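Chemist: can you look at this prediction? I've put the sequence above it.
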Amino acid sequence: MSAGHPNERDYVASALRAGLFTKVVGKRVVHLATTGSTMDDARRLAEEGAQDGTVVVSDAQTGGRGRFGRRWVSPPDNLYLSVLLRPDAAAAQYVSVAACVAVVRAIRRTAGLVPRVKWPNDVLLRGKKVSGLLVESVLGESGTGYSIVGIGVNVELDPSATPEIAAIATSLRAEAAKPPLRSGLLRALLHELDALYDDLRRGSSPVPEWKLHLDTLGKQVDVRWGDEVHTGIAEDVDERGALVLRRADGTAVLLPAGEVTLHRV
Ligand code: BTN
């Protein structure tokens with residue numbers, strides 16, 4: 001464990017000690033020493049009927065995954081969690097944006113840094129990725145669908161130790177004058193996600209706040225969507241967070257911010 005963080009071995013218990021005082025998120029927290037991917041653990045719990053807001057945290061992952069089937073490098077001393085949410089159909093489309101705002105707020109609160117967001121939900125510090133979100137949703141008849149929100153935050157990661165991410169990733173340790181304790185970061189993250197999820201269920205959209213953090217607007221981008229790559233200027237986002245991309249021929253394409261939809265096994 002890193003010097004100066006003597007309580008970090010126990011970061012999950014520390015985060016929960018004295019009560020979380022959330023409405024939904026973190027009412028049940030499963031803490032694992034290691035796992036393949038918390039996405040799979042949370043999904044298994046969801047299929048077993050686990051309650052809305054159930055959280056799986058793991059100290060490390062052997063098969064951490066990111067968007068587009070990429071690997072998420074998951075050594076110890078960072079934060080890896082998946083949150084099971086059971087939103088209604090209206091709220092479901094904003095889950096990914098809400099989670100992104102929760103990460104930005106939690107980093108601001110605990111590290112004193114101001115992250116930017118690369119559309120749709122890469123959280124950046126000085127242009128490098130400090131956190132990534134993966135949302136996997138299972139559609140179902142009314143009330144039976146759910147979303148698994150996976151969040152990875154590079155807390156102590158030394159990106160130079162892994163060549164495949166050395167140029168594109170950073171960590172709170174690398175960026176902050178005083179990196180936060182993982183317990184404080186986890187606690188802030190669960191609080192913020194709970195507050196945003198509550199707002200969402202009351203019909204309040206996280207998109208305006210998220211849009212303020214976006215780093216992408218006005219830039220020339222390549223956006224992979226399905227099997228296609230779309231190129232153009234990122235002109236705007238609509239009220240659901242979809243990206244309005246203006247192509248060189250003047251036509252516009254709307255790219256949804258949503259993510260992978262899984263089929264029930
Ligand atoms: C991305 O930026 O591509 C998304 C990364 C998501 C990583 C987190 S870590 C916790 C959860 N478990 C996983 O296997 N992935 C997500």
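Modeler: In hand now; what should we look at? Residues are numbered from 1 along each chain as shown.

Chemist: what parts of the protein come near the ligand?
Modeler: Proximity of the chain to the ligand, by C-beta under 6 Å from any ligand atom, involves residues 37-39, 61, 64-67, 70, 72, 80-82, 122, 132-134, 150-152. (Glycine included, C-beta is placed from N, CA and C.)

Chemist: recalculate using a threshold of 8 Å.
Modeler: Selection of the chain residues close to the ligand by C-beta under 8 Å from any ligand atom yields 36-40, 58, 61, 63-68, 70, 72, 74, 79-82, 121-122, 129, 131-134, 150-152.

Chemist: show the buried residues in the residues you listed.
Modeler: Neighbour-count burial (16 or more other C-beta atoms under 10 Å) applied to those gives 37-40, 58, 61, 64-67, 72, 74, 79-82, 121-122, 129, 131-134, 150-152.

Chemist: check the gap between Val103 and Arg17 for me.
Modeler: In this view, Val103 and Arg17 are 22 Å apart by C-beta to C-beta, to the nearest Å.

Chemist: higher neighbour count, those two?
Modeler: Neighbour comparison, Val103 and Arg17: the larger count goes to Val103, with 27 against 11 (by other C-beta atoms under 10 Å).

Chemist: quick one: secondary structure of that one?
Modeler: helix (DSSP: H, G, I helix; E, B strand; the rest coil).

Chemist: could you do the one 4 residues further on as well?
Modeler: Reduced to three states with three-state DSSP, the structure at Ile107 is helix.

Chemist: next up, the contacts around it.
Modeler: By C-beta atoms under 8 Å, 6 or more residues apart in numbering, Ile107 lies in contact with Leu113, Pro115, Val123, Leu125, Val130, Ser131, Val153, Leu172, Leu185.

Chemist: how about TSV for these, with pLDDT added?
Modeler: Converted to TSV, those look like this (pLDDT from 0 to 100):
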residue	pLDDT
Leu113	97
Pro115	98
Val123	97
Leu125	98
Val130	98
Ser131	98
Val153	98
Leu172	96
Leu185	96
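
Chemist: in strands, which of those fall?
Modeler: Val123, Leu125, Val130, Ser131, Val153 (DSSP state E).

Chemist: what sits closest to the first one if chain neighbours are left out?
Modeler: Which is Val123. Closest residue in space to Val123, ignoring its immediate chain neighbours: Ser131 at 3.9 Å, by C-beta to C-beta, 6 or more residues apart in numbering.

Chemist: same deal with the second one?
Modeler: Of all residues not flanking Leu125 in the chain, Glu175 sits nearest, at 4.6 Å (C-beta to C-beta, 6+ apart).

Chemist: phi and psi next, for the one you found.
Modeler: phi -110, psi -30 (degrees, to the nearest 10).

Chemist: against Val130, how distant is it?
Modeler: Distance of Glu175 to Val130, computed by C-beta to C-beta: 7 Å.

Chemist: now do Val56
Modeler: Taking C-beta to C-beta, one finds Val56 at 21 Å from Val130.

Chemist: you'd agree Pro120 is in a strand?
Modeler: No - with three-state DSSP as the criterion, Pro120 is located in coil rather than a strand.

Chemist: show the contacting residues for the residue of the stretch 101-250 of the chain found nearest the ligand.
Modeler: Across the stretch 101-250 of the chain, the shortest distance to the ligand (C-beta to the nearest ligand atom) belongs to Gly132, at 2.1 Å. Contact analysis of Gly132 by C-beta under 8 Å, 6+ apart lists Gly66, Arg67, Trp72, Asn121, Asp122, Val123, Ile151, Gly152.

Chemist: so what does the closest residue to the second one other than its chain neighbours have for phi and psi?
Modeler: To tie it back to what came earlier, the one meant is Arg67. Counting by C-beta to C-beta, 6+ apart, Leu134 is the residue found nearest to Arg67 once chain neighbours are left out, at 5.7 Å. Reported as degrees, to the nearest 10, the phi and psi values for Leu134 are phi -130, psi 120.
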